[in-house]
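Student: just to be clear, the model below is a prediction. Sequence and coordinates:
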Amino acid sequence: MNFAVWNVRGINKAPHQKELQNFISSNNVNLMGVLETKVKSDNALGVSKKICRDWKWLFNYNHHYNGRVWVGWNPSVWDISIHSMSSQVITCNATFLEKNITILVSFVYAFNDAVDRVPLWNYCLSLSTTTAPWYLLGDFNCVTSLGEVSGGREHWTPEMQSFTDCLANCGLDTVRTVGNIHTWTNKRLASPIFKRLDRMVANGVWFNSFTKGNVFVKPRGIMDHNALLLKETKRLLRQLNKDHGNVSSNVLNARANLEEVQLRMINNTDTALLNLEKDLINKLNATLVEEESFFLQKSRVKWMELGDGNNSFFHQQCKANWNCNKVLALEDNLGNMVITEAQATSLCAMVTDVIIYATLKKMKKNKAPRPDGFNVEFFLATWSITGVDFCDSVKHFFETGFLPSSTNSTFISLIPKVASPTVMNDFRPISLCTVMYKCISKIIAARLKLIMPSIIDIA
């Protein structure tokens, strides 16, 4: 169930069409809202077929000459019927065929003027009594607070309160979002402004039905808006956890199966049982390794590598933390910048997927899980599932300089320095950061290593 929305600000030109095609294919999107297309009604079918030939499409040209909202979907994944539409929104009854789940989805492109947005707020209020899971996504052309604005001389306005009141009166909450909250930029180098104009919100029925839903803010590329993507990667990860997660139970089951076969071998030693015993021994050994690795992550005790399997000890605690230092400028005694423009450019240059994966592979293994619960081995083992999002997030940092608080989160714990600690001096603090943060810092450190000899005096 991957669906998305993107204000493309015109898709008449081939580069914008190609960008949209790449986004849909690379993220496996099967339901899409395309906003501000600037395509005339006579050309809508032709342009939409260039984007996704096998998709079906809805347009709102009957309500606005510019067809401000398009909705496209893969008919093999979704069954879509129109609920209602206006110049600012298309609402659909969307049935996800694989699970036979029907939801109400509203793709929104609000007008720029606050007065013109009032009918949209009233429309939302009229739908708020629905008993179906209801999801609204798109460009609302308004922020809820000054915290969603960066740059410029923004000040509080009544339209912010109107938008906030609309969400509250409709019982709508913002779905948990991963990535940069500022989804729009004016692209002005002299006076850049960033705002959260695009968002996904849902009613209580939706949150009760889809507790694992997350929205990913994707890089905007050549557009001035970021795309928003609701992605169902957790379904694959939950299956992975189901297959390998309950390590202690797996050990008990493997041992029980082996003992059963060995009891049958007391009076029967045919080849089939011998081969079965061999397979079960290998399976038990594998589950024992998984169990020991699991408890190693839980305890962060390095001497377990020497073979100690005292599992009861390793159940006690998980420890993590991080520490971040940010260098804004380097000057000499006269106040002159000591880093050249070329060096500064190299520090901020974009990274490739190859560099990110190579850096991840070089990171130390057998470390405790990060604050988000994941370690290096997890990402390497699930790279086919998580790799694209991991690389996109790292590259997003080098593109915008923005690091989400979830990536920046830490745990801090005290570790005894002596066998029987009694006073605070007997402890030392340790910290772990997230794998993504560690990967970013290692890439930056590798770049700094190349220029440090030129900025540090040999004395």
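Tutor: Alright, I've got the coordinates. Numbering: from 1, shown residues only.
Student: now do the helix or strand harbouring residue 260: which elements does it pack against?
Tutor: Residue 260 is part of helix 247-264 when elements are defined by DSSP states H and E. Packing partners of helix 247-264 (3 or more Cβ pairs under 8 Å, 6 or more residues apart in numbering; DSSP states H and E): helix 271-299. Glycine gets a C-beta too; all of them are placed from N, C-alpha and C.
Student: so what's the gap between the helix it packs on and the chain middle?
Tutor: 34 Å (Cα atoms, centre = their mean, to the nearest Å).
Student: that one vs helix 247-264, what angle?
Tutor: Relative orientation of helix 271-299 versus helix 247-264 (axes from the mean of the first three to the mean of the last three Cα atoms, to 10 degrees): 160 degrees.
Student: quick check: mean pLDDT across helix 271-299?
Tutor: Across helix 271-299, pLDDT averages out at 76.
Student: what helices or strands is it leaning on?
Tutor: On a contact count with 3+ Cβ pairs under 8 Å, 6+ apart, helix 271-299 meets helix 247-264, helix 311-314.
Student: now with 10 Å?
Tutor: In terms of contacts (3 or more Cβ pairs under 10 Å, 6 or more residues apart in numbering; DSSP states H and E), helix 271-299 is packed against helix 233-244, helix 247-264, helix 311-314, helix 376-381.
Student: shaky segments in the stretch 351-459 of the chain?
Tutor: Counting by pLDDT under 70, the stretch 351-459 of the chain has low-confidence residues at 368-370, 419-420, 457-459.
Student: change it to 80
Tutor: 366-373, 401, 404-414, 418-423, 430-432, 453-459 (pLDDT under 80).
Student: circling back: worst average pLDDT in the helices and strands packed on helix 271-299?
Tutor: helix 311-314 (a mean of 42).
Student: how about the next helix or strand after that one: buried residues?
Tutor: As assigned by DSSP H and E, the chain's next helix or strand after helix 311-314 is helix 341-348. Applying a neighbour-count criterion of 16 or more other Cβ atoms under 10 Å, one finds 343, 347 buried in helix 341-348.
Student: distance from the chain centre to helix 341-348, please.
Tutor: Relative to its chain's centre, helix 341-348 lies at 28 Å (Cα atoms, centre = their mean).
Student: just checking, what packs against it?
Tutor: helix 383-400, helix 435-455.
Student: ok, then the element right after it?
Tutor: With secondary structure assigned by DSSP H and E, helix 341-348 is succeeded by helix 353-362.
Student: which element, helix or strand, includes the closest residue to residue 101 other than its chain neighbours?
Tutor: Leaving aside its sequence neighbours, residue 101 sits nearest to residue 95 (Cβ to Cβ, 6 or more residues apart in numbering; 6.9 Å). Here residue 95, judged by DSSP H and E, is contained in strand 89-96.
Student: list the strands paired with that strand, with their directions.
Tutor: Sheet pairing of strand 89-96 (DSSP bridges) gives strand 78-85 (antiparallel), strand 101-109 (antiparallel).
Student: may I see the buried residues of the last one?
Tutor: Taking 16+ other Cβ under 10 Å as the neighbour-count basis, strand 101-109 is seen to contain the buried residues 103-109.
Student: farthest-apart pair in the residues you listed, please.
Tutor: Farthest apart among these by Cβ to Cβ are 103 and 109. That separation is 19.7 Å.
Student: assign a three-state SS to residue 229, would you?
Tutor: Put simply, residue 229 is strand when judged by DSSP: H, G, I helix; E, B strand; the rest coil.
Student: check contacts around it.
Tutor: Neighbour list for residue 229: 2-6, 23, 27-29, 32, 137, 178-179, 200, 214-218, 389, 392 [criterion: Cβ atoms under 10 Å, 6 or more residues apart in numbering].
Student: let's see it at 6 Å
Tutor: Contacts for residue 229 (Cβ atoms under 6 Å, 6 or more residues apart in numbering) come out as 4, 27, 216, 218.
Student: need these in JSON lines (columns: distance to residue 156).
Tutor: Shown next, in JSON lines, are the contacts of residue 229 (distance: Cβ to Cβ, whole Å):
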{"residue": "4", "distance to residue 156": "31"}
{"residue": "27", "distance to residue 156": "36"}
{"residue": "216", "distance to residue 156": "29"}
{"residue": "218", "distance to residue 156": "29"}
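Student: from those, which ones fall inside strands?
Tutor: Counted as lying in strands by DSSP state E, out of those, are 4, 216, 218.
Student: the first one against residue 29, yeah?
Tutor: Yes - with contacts counted by Cβ atoms under 6 Å, residue 4 reaches residue 29, the gap being 4.9 Å.
Student: ok, residue 222 to residue 14 distance?
Tutor: Residue 222 is 12 Å from residue 14, where distance means Cβ to Cβ, to the nearest Å.
Student: er, residue 164 I mean
Tutor: Separation of residue 164 from residue 14 (Cβ to Cβ) stands at 40 Å.
Student: who's more crowded, those two?
Tutor: Comparing residue 164 with residue 14 by other Cβ atoms under 10 Å, the one with more neighbours is residue 164, at 14 against 9.
Student: what's the nearest residue to residue 213 if we skip its chain neighbours?
Tutor: In space, and not counting its chain neighbours, residue 213 is closest to residue 175: 5.7 Å by Cβ to Cβ, 6+ apart.
Student: then residue 371?
Tutor: Closest to residue 371 by Cβ to Cβ, 6+ apart is residue 409, at 4.7 Å.
Student: sec struct for the one you found, please.
Tutor: What three-state DSSP gives for residue 409 is coil.
Student: neighbours around it, how many?
Tutor: Number of residues near residue 409 (other Cβ under 10 Å) recorded here: 16.
Student: residue 160 now?
Tutor: 19.
Student: quick one: low-confidence ranges for the stretch 51-200 of the chain?
Tutor: Ranges of the stretch 51-200 of the chain meeting pLDDT under 80: 153-154.
Student: that older thread, does the residue nearest to residue 371 really touch residue 403, like I thought?
Tutor: No - Residue 409 is beyond contact range of residue 403, at 10.5 Å (criterion: Cβ under 6 Å).
Student: contacting residues around residue 63?
Tutor: 86-87.
Student: now do the SS call for it.
Tutor: Assignment for residue 63 (three-state DSSP): coil.
Student: is it true that residue 7 touches residue 36?
Tutor: Yes - between residue 7 and residue 36 there is a contact under Cβ under 6 Å: 5.1 Å.
Student: more neighbours: which of these two?
Tutor: Per other Cβ under 10 Å, whichever of residue 7 and residue 36 has more neighbours is residue 7, with 26 against 21.
Student: is the more buried one in a bridge, and if so with what?
Tutor: residue 35.
Student: tell me the SS of residue 33?
Tutor: strand.
Student: could you report the neighbour count for it?
Tutor: Neighbourhood size, residue 33 [other Cβ under 10 Å]: 28.
Student: which strand residues bridge the closest residue to it other than its chain neighbours?
Tutor: Nearest in space to residue 33, with sequence neighbours left out and distances taken as Cβ to Cβ, 6+ apart, is residue 107 at 3.4 Å. For residue 107, the beta-bridge partners are residue 90, residue 137 (DSSP bridges).
Student: contacting residues for residue 107?
Tutor: Here residue 107 is in contact with 5, 33, 69, 71, 90, 138 (criterion: Cβ under 6 Å, 6+ apart).
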